[in-house]
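Student: Kindly return the folded structure for what I paste below:
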Amino acid sequence: MNTRQATAGDHRAIVGCVQRWWADSRTPEQARELSLLLPRLFLQHFARTSLVVEDASGIRAFLVGFHSADAADEAYIHFVGVDPQLRGTGTGRDLYGRFFAQAAMAGRRTVRAITSPANTGSVAFHRALGFDLEPGDKQVDGIPVHTDHDGPGQDRVCFRRLLDAA
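Tutor: Have a look, this model is predicted:
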């Protein structure tokens, strides 16, 4: 498998991956709605900081992230997907590690990410990678949650990870 910088031309394939890979845990409509979190603009404006893992069969994993325009020492991981056949193989951990290294080389010292409180797998994954949970305004199953973070009823768990200097 090859890991490379994403391109705007990867957009259609990545959206297709989201709709397929999350079909086991969502209805087709919910999977389509999830893919709407990845408009083309992310790969038009943040391809340099986004990554794709591919093999002869196509895209097998991706990470869409960027360096903050407003917080000069921060980076943000917006969306990550790993083919269900590769989950648990270290592919996601490798993508995060590459993003961390890239961010540190650019002078970023903090990486942020968010997830839904219901996504317990994502919470566990981020914690295993050394992310801290940011204090929220309520707790759900012992996890700090930010009520209405992304709009009414869109509660989120917010993560922060400090990077070592490059």
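Student: Just give the nearest non-adjacent residue to the spatially most central residue of the chain, would you?
Tutor: For the chain, the residue nearest the mean C-alpha position is residue 79 (3.0 Å; CA atoms, centre = their mean). Counting by CB to CB, 6 or more residues apart in numbering, residue 79 lies nearest to residue 64, which is 4.6 Å off, once chain neighbours are set aside. Quick note: C-beta positions are derived from backbone N, CA and C, even for glycine.
Student: what's the helix or strand harbouring that neighbour packed up against?
Tutor: Secondary structure assignment for residue 64, by DSSP states H and E: strand 58-67. Using 3 or more CB pairs under 8 Å, 6 or more residues apart in numbering; DSSP states H and E as the contact criterion, the secondary-structure elements in contact with strand 58-67 are helix 11-21, helix 41-45, strand 51-55, strand 74-82, helix 91-105.
Student: Kindly recompute the last result at 6 Å.
Tutor: In terms of contacts (3 or more CB pairs under 6 Å, 6 or more residues apart in numbering; DSSP states H and E), strand 58-67 is packed against helix 11-21, strand 51-55, strand 74-82, helix 91-105.
Student: deepest of these, which one?
Tutor: strand 74-82 (a mean of 21; mean count of other CB atoms under 10 Å).
Student: and it with strand 51-55, angle?
Tutor: Using axes from the mean of the first three to the mean of the last three CA atoms, to 10 degrees, the interaxial angle of strand 74-82 with respect to strand 51-55 works out to 20 degrees.
Student: Neighbouring strands - and their directions - for strand 74-82?
Tutor: Within its sheet, strand 74-82 is paired with strand 58-67 (antiparallel), strand 110-115 (parallel), according to DSSP bridges.
Student: Quick one: find the helix or strand in the chain with the lowest mean pLDDT.
Tutor: The least trusted helix or strand in the chain, going by mean pLDDT, DSSP states H and E, turns out to be helix 28-35, with a mean of 84.
Student: and for that one, what are the contacting residues?
Tutor: Outside helix 28-35, the residues that touch it by CB atoms under 6 Å, 6 or more residues apart in numbering are 15, 18, 19, 22, 23.
Student: The same query, at a cut-off of 8 Å, please.
Tutor: Where contact means CB atoms under 8 Å, 6 or more residues apart in numbering, the residues beyond helix 28-35 that reach it are 15, 18, 19, 20, 22, 23, 26.
Student: ok so, going back, out of the strands paired with strand 74-82, which one sits most buried?
Tutor: strand 58-67 (a mean of 21).
Student: Tell me who's in contact with the residue nearest to residue 79.
Tutor: Applying CB under 8 Å, 6+ apart, one finds that residue 64 lies in contact with 6, 14, 38, 42, 43, 46, 50, 77, 78, 79, 80.
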